[in-house]
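Colleague: Here is a sequence together with a model predicted from it:
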Amino acid sequence: MRDIQNNISAVQSIKPSSYTATENGDAVDLRGFSAALALFYLWAGDYANADEVYTPKLQESNDATNWNDVAAGDLEGSFTATDEQAGEGLQSAGYKGSKRYLRAVVVVAGTSPSVVGFGTIVLGEPHQAPAA
């Protein structure tokens, strides 16, 4: 059976909008799931000064208060910075760590940065299906 609808739950961490400064997403609770994947979509970036850079990253926490960047060894895949040379678009990486909470972060840097984007955490392998 090819049912994915009942086996995942997508939670918006960074809502779609235009950002001119680093954006820390909302906490996403992984309780009740054994897998997670972070999706970022960044586009329509301002590169007028050629030093604007937009970097997606994933952070983890035990308590949704104290956050640390997810170590490369706890990611399946990686995220890359978007600048005037790098293409815009969709990026994803799986989470292999053991913390309870995740959040999406977009680091915004440069002279006159502005980027449109969002960050979503997809939860998978629910302990009880169908996933909410």
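Modeller: Here it is on my side, so go on. It should be emphasised that the depicted structure is a prediction, and the values quoted were computed from it without experimental measurement.

Colleague: Name the spans of the protein whose pLDDT lies under the cut-off.
Modeller: Residues of the chain meeting the criterion pLDDT under 70: 1, 132.

Colleague: same thing but at 80, please
Modeller: For the chain, residues meeting the criterion pLDDT under 80 lie at 1-2, 84-88, 132.

Colleague: Quickly note the distance from Ala27 to Val106.
Modeller: Look at Ala27 and Val106: by CB to CB, to the nearest Å, they are 16 Å apart. (Glycine included, C-beta is placed from N, CA and C.)

Colleague: One more: Leu30?
Modeller: Distance, Leu30 to Val106, by CB to CB: 20 Å.

Colleague: Which one's more surrounded, the two?
Modeller: Legend: neighbour count by other CB atoms under 10 Å for Leu30 and Val106, higher for Val106 (23 against 20).

Colleague: I figured that one hits Glu23, correct?
Modeller: Yes: using CB atoms under 8 Å, Val106 is in contact with Glu23, at 4.9 Å.

Colleague: can you list residues touching both of those two?
Modeller: Counting by CB atoms under 8 Å, 6 or more residues apart in numbering, the residues touching both Val106 and Glu23 are Ile14.

Colleague: Gly124 pairs with what?
Modeller: On the basis of DSSP bridges, Gly124 is bridged to Ile8, Ala35.

Colleague: My guess is it contacts Ala38. True?
Modeller: No: taking CB under 8 Å as the definition, Gly124 is not a contact partner of Ala38, at 12.0 Å.

Colleague: Looking at these two now, which is surrounded by more residues?
Modeller: The neighbour comparison of Gly124 against Ala38 (other CB under 10 Å) goes to Ala38, with 28 against 16.

Colleague: Based on its surroundings, how many neighbours for the nearest residue to Glu60 once chain neighbours are set aside?
Modeller: Ranked by CB to CB, 6 or more residues apart in numbering and with sequence neighbours excluded, the top spatial neighbour of Glu60 is Lys99, at 3.8 Å. Per other CB under 10 Å, the neighbour tally for Lys99 reads 18.

Colleague: All good on my end, thank you.
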